[in-house]
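Novice: build me a model from this:
(2 chains)
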Amino acid sequence: DQQVKQNSPSLSVQEGRISILNCDYTNSMFDYFLWYKKYPAEGPTFLISISSIKDKNEDGRFTVFLNKSAKHLSLHIVPSQPGDSAVYFCAASVGNNNDMRFGAGTRLTVKP
Amino acid sequence: DAGITQSPRHKVTETGTPVTLRCHQTENHRYMYWYRQDPGHGLRLIHYSYGVKDTDKGEVSDGYSVSRSKTEDFLLTLESATSSQTSVYFCAIRISGGIYNEQFFGPGTRLTVL
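Specialist: As a prediction, this is how the structure comes out:
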């Protein structure tokens, strides 16, 4: 029962362009959503998050959008840089519940 | 850097042997977690702890046990390892008072069960 889904295993974009990573969820009780970035042989690192009371959160080049009616969120990276090449995981939880659910990840490749 | 270390970083073992993985933190955070990462599944919660001797099961707890006798250490034990437990294991901590439930992860342990 995968409650958080990232349907694109991989994405390739050109340096300087926008990267859009998508995530869908099925549990309507989720109210905290997070994105993590993972480089090979390292642990995931927290990138950006959003509460369900908002529909957008921005931090520098990274913006997360939440569409509650569609149970969909997306991460926009503008402009994309080669150093952004990594696996990105979407995650969701109910309040501060310890049972955080992760998507399977999307591998982003930014080409110079 | 949330001061999380994991040991060992790599381990190869045989089916049926016991294995213990250690997670150590230096900042006395209350909440600690064990996840496994597998292709096609992302990260899945195995067990978590909300204080010394206080633990609970996660999504994929079968075949695993945990212990937390000190705030700084959270141990994950595979009593009798199976090939299906070949995975990368990550420990994480949560900083109390964090607004969005952010968790911070250690570097991981790659476990291979032959």
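Novice: and the biggest strand by length in chain B, what other elements does it pack with?
Specialist: For chain B, the longest strand by residue count, based on DSSP state E, is strand B:42-51. For strand B:42-51, the packing partners by 3 or more C-beta pairs under 8 Å, 6 or more residues apart in numbering or on different chains; DSSP states H and E come out as strand A:86-93, strand A:101-102, strand B:31-38, strand B:54-57, strand B:65-70, strand B:73-78. Quick note: C-beta positions are derived from backbone N, CA and C, even for glycine.
Novice: with only the CA atoms kept, save it in CSV.
Specialist: Provided in CSV are the C-alpha atoms of strand B:42-51 (Å, rounded to 0.1, in the frame of the first residue of the first chain):
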residue,chain,number,x,y,z
GLY,B,42,11.9,4.6,-1.4
LEU,B,43,12.4,4.6,2.4
ARG,B,44,10.2,2.5,4.7
LEU,B,45,10.1,2.9,8.4
ILE,B,46,11.1,-0.2,10.4
HIS,B,47,11.0,1.0,14.1
TYR,B,48,11.3,4.2,15.9
SER,B,49,12.0,5.4,19.4
TYR,B,50,10.5,8.4,21.4
GLY,B,51,12.8,8.0,24.4
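Novice: for residue B:84, grab phi and psi.
Specialist: phi -70, psi -10 (degrees, to the nearest 10).
Novice: if I look at it, what pLDDT would I see?
Specialist: Predicted confidence (pLDDT) at residue B:84: the value is 96.
Novice: now do the contacts for it.
Specialist: Residues near residue B:84 by C-beta atoms under 8 Å, 6 or more residues apart in numbering or on different chains: residue B:113.
Novice: how about residue B:111?
Specialist: Here residue B:111 is in contact with B:11-13, B:19, B:21, B:78, B:81, B:85-89 (criterion: C-beta under 8 Å, 6+ apart).
Novice: cross those residues against strands and list the overlap.
Specialist: If you go by DSSP E, the contacts of residue B:111 have B:11-13, B:19, B:21, B:78, B:87-89 in strands.
Novice: so where's chain B uncertain?
Specialist: Low-confidence segments of chain B (pLDDT under 70): B:1-2, B:97-100.
Novice: tell me what the host helix or strand of residue A:22 is packed against?
Specialist: Counting by DSSP states H and E, the element that carries residue A:22 is strand A:19-25. With contacts defined as 3+ C-beta pairs under 8 Å, 6+ apart, strand A:19-25 has these neighbours: strand A:4-5, strand A:10-14, strand A:32-38, strand A:72-77, strand A:86-93, strand A:106-111.
Novice: measure the nearest residue to residue B:94 once chain neighbours are set aside to residue A:30 for me?
Specialist: Closest residue to residue B:94 apart from its sequence neighbours, by C-beta to C-beta, 6 or more residues apart in numbering or on different chains: residue B:31 at 4.0 Å. Remark: distance between residue B:31 and residue A:30 (C-beta to C-beta, to the nearest Å) = 19 Å.
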